[in-house]
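*Asks:* Sequence plus predicted model, see below.
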Amino acid sequence: MDAETRRNLERISVATVSMQLLKRGLRRVVMSGVRPLNTPMKPLLGPAYTLRFIPAREDLSAPEILGADGYVPRHAIEEVPEGAVLVIDARQDAETAVLGDLILERLKVRGIAGVVADGGVRDAEEAIAVGLPLYATGPAAPAHIVGLAAGDMGTKIGCGGVAVIPGDIIKADGDGVVVIPKELAAEVAAAGPPQERYERFAKEKIREGRPILGVYPPSPDTQAEYAAWTDPEDDG
């Protein structure tokens, strides 16, 4: 992701990104059940690094496995690149925690952008206090080995019902988490600010008493009016 793409994606909302992806034929891009846990909300943007869990099985989910050589979730914590978003496929298991405050402290020290998981967070108050942008299903006390076993990392996953491929761009805010295919990131980023500029114009007209019809989407007359409009933010 180049600097201009990042700058434009930081300026626009998840809702805007989802609309731009819809215009390009992509509908299943916003995660279900994954919400911001920080208060106030911390926006998140970065390339995806993936970790996948599989269903628990007794020989794969015993407590002693946590310290075993090659245990994938522990290695993923140390291998996720600086500036990346750790995206965890927890099989949409909101009753099981896939991370807690100790892991988040380590990830913060390592300089990652944040975490997205379709599973729970244990020691949630302490985990949130770490200050790393955190998007998950909510608090959950049981450790992940109660319901999950280690899968693999750096592979294609599903998170919140959305396909995530390593390197895809993750953007998250108060509206949720959207996955942007990396080959579309620059295009979506460039198209987003003009969309939001028009929406500022449309809101101004609606506040003046205009009906939605003819403003959103715009009629030819409204389009002509918009072409002559001065956006106060253009001077910002």
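*Replies:* Received, thanks.

*Asks:* Regarding this protein, what is its longest helix?
*Replies:* helix 185-207 (DSSP state H).

*Asks:* Do a quick rundown of the helices in the protein.
*Replies:* 3-11, 14-23, 72-79, 101-110, 124-129, 185-207, 220-227.

*Asks:* Please name the nearest non-neighbouring residue to residue 142.
*Replies:* Of all residues not flanking residue 142 in the chain, residue 96 sits nearest, at 5.3 Å (CB to CB, 6 or more residues apart in numbering). Where you see a C-beta, it was placed from the backbone N, CA and C, and this is true even at glycine.

*Asks:* Count residues in the vicinity of the one you found, would you?
*Replies:* 22 (other CB atoms under 10 Å).

*Asks:* so who does it touch?
*Replies:* By CB atoms under 8 Å, 6 or more residues apart in numbering, the contact list for residue 96 reads 90, 119-120, 140, 142-144, 146-148.

*Asks:* hmm, who's touching stretch 225-236?
*Replies:* Applying CB under 8 Å, 6+ apart, the external contacts of stretch 225-236 come out as 197-198, 200-201, 205, 218.

*Asks:* 6 Å - rerun?
*Replies:* 197, 201 (CB atoms under 6 Å, 6 or more residues apart in numbering).

*Asks:* Would you mind listing the buried residues in that stretch?
*Replies:* residue 226 (16 or more other CB atoms under 10 Å).

*Asks:* and that stretch, how far from the chain's centre?
*Replies:* 31 Å (CA atoms, centre = their mean, to the nearest Å).

*Asks:* Output that stretch in PDB with nothing but the alpha carbons.
*Replies:* Output of stretch 225-236 as PDB, limited to C-alpha atoms (Å, rounded to 0.1, in the frame of the first residue of the first chain):
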ATOM      1  CA  GLU A 225     -25.700  22.300  -8.900                       C
ATOM      2  CA  TYR A 226     -23.100  20.100  -7.300                       C
ATOM      3  CA  ALA A 227     -20.600  21.000 -10.000                       C
ATOM      4  CA  ALA A 228     -20.800  24.600  -8.900                       C
ATOM      5  CA  TRP A 229     -20.800  23.900  -5.200                       C
ATOM      6  CA  THR A 230     -17.900  25.000  -2.900                       C
ATOM      7  CA  ASP A 231     -17.100  22.400  -0.200                       C
ATOM      8  CA  PRO A 232     -15.900  24.100   3.000                       C
ATOM      9  CA  GLU A 233     -13.500  21.100   3.500                       C
ATOM     10  CA  ASP A 234     -11.800  21.900   0.200                       C
ATOM     11  CA  ASP A 235     -10.000  24.700   2.000                       C
ATOM     12  CA  GLY A 236      -9.000  22.400   4.800                       C
END
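
*Asks:* what is the mean pLDDT for that stretch?
*Replies:* Model confidence over stretch 225-236, given as mean pLDDT, is 83.

*Asks:* From the chain's centroid, how far away is stretch 203-214?
*Replies:* 32 Å.

*Asks:* So for that stretch, first residue to last residue, what's the gap.
*Replies:* 13 Å (CA to CA, to the nearest Å).

*Asks:* I would like the residues contacting that stretch, please.
*Replies:* Counting by CB under 6 Å, 6+ apart, 215, 222 sit against stretch 203-214.

*Asks:* Domain-wise, how is the chain divided?
*Replies:* 27-180, 191-235 (automatic domain parsing).

*Asks:* Check which residues of the strand ranked longest in the chain are buried.
*Replies:* Using DSSP state E, we find that the single longest strand of the chain is strand 44-55. Within strand 44-55, the residues that count as buried by 16+ other CB under 10 Å are 44-53.
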